[in-house]
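Engineer: I need the structure of the sequence given here:
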Amino acid sequence: MEENDKNEAFYYNHENIYCNSVVQQSKKTEGEKMQTIAEVTLDSHKTYKKTTASRRILYIVMCIIFLLIISIVMTVLYLQQSKQLKQSNQAIVLLNSSFQIKLIQSKEELKNMTCDQTSLQLQLKQAELKITNLIESQTYLQTQLRKAQQNITEFTRRMQVECCEPQWELFRFHCYYFFEDSKDWFAAQTYCKHLSADLVVIKSKEEQEFIKLEQTIHGGIYWIGMTDNETEGTWRWVDGTPCNSSSGNPVYWDSNQPNNNGDEDCAIMYPDGTWHDYSCSDTFRVICEKTAYTCYFKG
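Structural biologist: Below you'll find the model as predicted:
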């Protein structure tokens, strides 16, 4: 029993020792783990600090590099702007110089223009004065010209007369030729045409009296320029005008004339001044008539 007790005590002690050993080993192991963890934590902390420091340094370096780059860029831009500003200033100086030169030239031109304007105004006044004098001279000359024309007209009126060729009789701007050879009416008209005239056409009482007087002087019966050869009963002068009282011209037919006795289509004038119709184929003396021409009196 004592032996059992001893064995139990031995086993108990042995267990205690083992347990203590295990506990100590566990504590040792946990301590080592804790120490390892602490060391790892410390190393990690140190590593973090180192990394953080490196990052800060890198950040600082990058900032410095960035600032340097910005400074370089700003310096380059400043230099460029300074160069451009210098060029601009030079251009402004040149423009200002050119403007000043042009301004001076403009002032000179304006001064010259002012002088020219003054000179032109003076010339204009002189020209206006000359024009006024010319107008006055023209008015005077026109007056003198009108007077001269009036004098010439009056002188011409006094000097000019109506004339006829030899053997032609003048009466109121017409010439009359009394041809004493006998011809039929058509031959008589042809003869007058050859003399640039026509058989006589009587349009007024005064002309009728003149023909009657001359016929008395020359004697005989004469053809006059009247016929109804184209239309029977419609008497017309050789100039185409009608011969009747309604035409406004006087007629001097004898009583019972015209009677168309035996196809009598042409007219004659008796010495007493009466008109008669006769056959155009009969022969009588000829009276030709044409317009007188203007001639001038030679003093």
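
Engineer: For the rest of this, base every contact and every neighbour count on C-alpha atoms.
Structural biologist: OK.

Engineer: Only C-alpha atoms, please: export stretch 287-294 in PDB.
Structural biologist: Below are the C-alpha coordinates for stretch 287-294, written out as PDB (Å, rounded to 0.1, in the frame of the first residue of the first chain):
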ATOM      1  CA  ILE A 287     -49.900 133.100-171.900                       C
ATOM      2  CA  CYS A 288     -47.200 131.400-169.700                       C
ATOM      3  CA  GLU A 289     -46.800 132.100-166.000                       C
ATOM      4  CA  LYS A 290     -44.100 131.400-163.400                       C
ATOM      5  CA  THR A 291     -42.800 132.800-160.100                       C
ATOM      6  CA  ALA A 292     -40.500 135.800-160.300                       C
ATOM      7  CA  TYR A 293     -37.000 135.600-159.000                       C
ATOM      8  CA  THR A 294     -35.300 138.000-156.600                       C
END
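
Engineer: so how far is it from its chain's centroid?
Structural biologist: Distance, stretch centre to chain centre, for stretch 287-294: 57 Å (CA atoms, centre = their mean, to the nearest Å).

Engineer: which other residues reach that stretch?
Structural biologist: With CA atoms under 8 Å, 6 or more residues apart in numbering as the test, stretch 287-294 has contacts from 160-164, 170, 173-179, 192, 196-201, 222-224.

Engineer: mind listing which of those residues are in helices?
Structural biologist: If you go by DSSP state H, those have C192 in helices.

Engineer: Show me where the protein has its helices.
Structural biologist: For the chain, applying DSSP H gives helices covering 2-159, 185-194, 205-218.

Engineer: For the shortest one, enumerate the helices and strands it packs against.
Structural biologist: For helix 185-194, the helices and strands in contact under the criterion 3 or more CA pairs under 8 Å, 6 or more residues apart in numbering; DSSP states H and E are strand 198-199, strand 222-227, strand 284-291.

Engineer: Taking helix 185-194 as reference, get the angle to the last one.
Structural biologist: Which is strand 284-291. Orientation check (axes from the mean of the first three to the mean of the last three CA atoms, to 10 degrees): strand 284-291 against helix 185-194 gives 30 degrees.

Engineer: Show me what counts as buried in strand 284-291.
Structural biologist: F284, R285, V286, I287, C288, E289, K290, T291 (16 or more other CA atoms under 10 Å).

Engineer: which residues does Y278 contact?
Structural biologist: Residues in contact with Y278 (CA under 8 Å, 6+ apart) are N260, N261, D263, E264, D265, C266, A267, I268.

Engineer: follow-up on the earlier one: can you flag the weakest of the helices of the chain by average pLDDT?
Structural biologist: Ranked by mean pLDDT, the helices of the chain bottom out at helix 2-159, which scores a mean of 74.

Engineer: Quick check: nearest residue in space to M226, chain neighbours excluded?
Structural biologist: Distances taken as CA to CA, 6 or more residues apart in numbering place W237 nearest to M226, at 4.3 Å, with adjacent residues excluded.

Engineer: Could you verify my assumption that the one you found touches T227?
Structural biologist: Yes. If you go by CA atoms under 8 Å, W237 and T227 touch, sitting 6.6 Å apart.

Engineer: Tell me which of these two has more neighbours.
Structural biologist: The neighbour count for W237 versus T227, taken as other CA atoms under 10 Å, is higher for T227 (25 against 20).

Engineer: What residues does the more buried one make contact with?
Structural biologist: Contacts for T227 (CA under 8 Å, 6+ apart) come out as W235, R236, W237, V238, D265, C266, A267.

Engineer: Ok, V200 next?
Structural biologist: Contact analysis of V200 by CA under 8 Å, 6+ apart lists Y176, I224, G225, I287, C288, E289.

Engineer: any weak-confidence spans in the stretch 151-299 of the chain?
Structural biologist: For the stretch 151-299 of the chain, the stretches flagged by pLDDT under 70 are 151-160, 297-299.

Engineer: and M269, how many neighbours does it have?
Structural biologist: M269: 23 surrounding residues under other CA under 10 Å.

Engineer: That one pairs with what?
Structural biologist: Residues in a beta bridge with M269, per DSSP bridges, are Y222, W275.
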